[in-house]
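Q: just a sequence and a predicted model for now, questions to come.
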Amino acid sequence: MIERYFDLVQRTSVLLALFAATLVLTFLVFPALPVGGELLDLKPGGYGHAEAMAALEGYGERGRTVYAWSSVLLDTLFPAVYASMFAGVFLRFAPIDALKAAAWVPLALGVVDLGENAQITAMLVQYPDVSPSQVASASAFTVVKSFASNVCLVYGIAVLALAGGRRLFRRSA
């Protein structure tokens, strides 16, 4: 079954659709959410209890509701979209088969992102009864997700640049 998934995500039409969906969600949908403050899952360095509580209070009741629903609905779809896009890029454009094994990294990243979403949703729903350990757990997921997404982005750019360079070299030879 995983082989069929890997075959699917590296197809040109699927990669283009995943790329477009990633861009739309990243730059149009998430920034437009009427939450009333910076989203906790966009804090790459994490956050402490006081910072999380201030953010949760700053969202207000409506903002916390919007954030919780978007976390459950949109931010469950988003990891599947971008993880599939990165996996497809890694599989399609890695210069050697050994580097294609990196396709598992974005899938693990997607799982971490889903864990982060569950933690943040729990905090949004439990507010104001959010413990320091709950915040620490959510923050740890955010930090790991941020680091892993940066690794995937850099690796994806490198793989695409190598593939483009190889293609140009073949044309000129």
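A: Yes, it's here.

Q: what residue lies at the spatial centre of this protein?
A: The geometric centre of the chain, computed from its C-alpha atoms, lies nearest to residue 79 (C-alpha atoms, centre = their mean), at 4.9 Å.

Q: and the gap between that one and residue 109?
A: Separation of residue 79 from residue 109 (C-beta to C-beta, to the nearest Å): 7 Å. Bear in mind the C-beta positions are built from the backbone N, C-alpha and C, glycine included.

Q: show me what contacts the residue nearest to the centre of the chain?
A: Listed by C-beta atoms under 8 Å, 6 or more residues apart in numbering, the contact set of residue 79 reads 109, 110, 111, 113, 114, 117.

Q: mean pLDDT per helix and strand in the chain: which one sits at the bottom?
A: helix 97-100 (a mean of 87; mean pLDDT, DSSP states H and E).

Q: same for that one, what does it pack against?
A: Where contact means 3 or more C-beta pairs under 8 Å, 6 or more residues apart in numbering; DSSP states H and E, helix 97-100 is packed against helix 74-93.

Q: state which helix of this structure is the longest.
A: Assignment by DSSP state H gives helix 132-172 as the longest helix of the chain.

Q: pull stretch 104-115 out as CSV, backbone CA atoms only.
A: The C-alpha coordinates for stretch 104-115 follow below in CSV (Å, rounded to 0.1, in the frame of the first residue of the first chain):
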residue,chain,number,x,y,z
TRP,A,104,9.9,8.9,5.2
VAL,A,105,11.0,12.1,7.0
PRO,A,106,8.1,14.3,5.8
LEU,A,107,5.7,11.5,6.7
ALA,A,108,7.1,11.5,10.3
LEU,A,109,6.9,15.3,10.2
GLY,A,110,3.2,15.1,9.3
VAL,A,111,2.6,12.8,12.3
VAL,A,112,4.4,15.3,14.6
ASP,A,113,2.3,18.1,13.2
LEU,A,114,-0.9,16.2,13.9
GLY,A,115,0.4,15.6,17.5
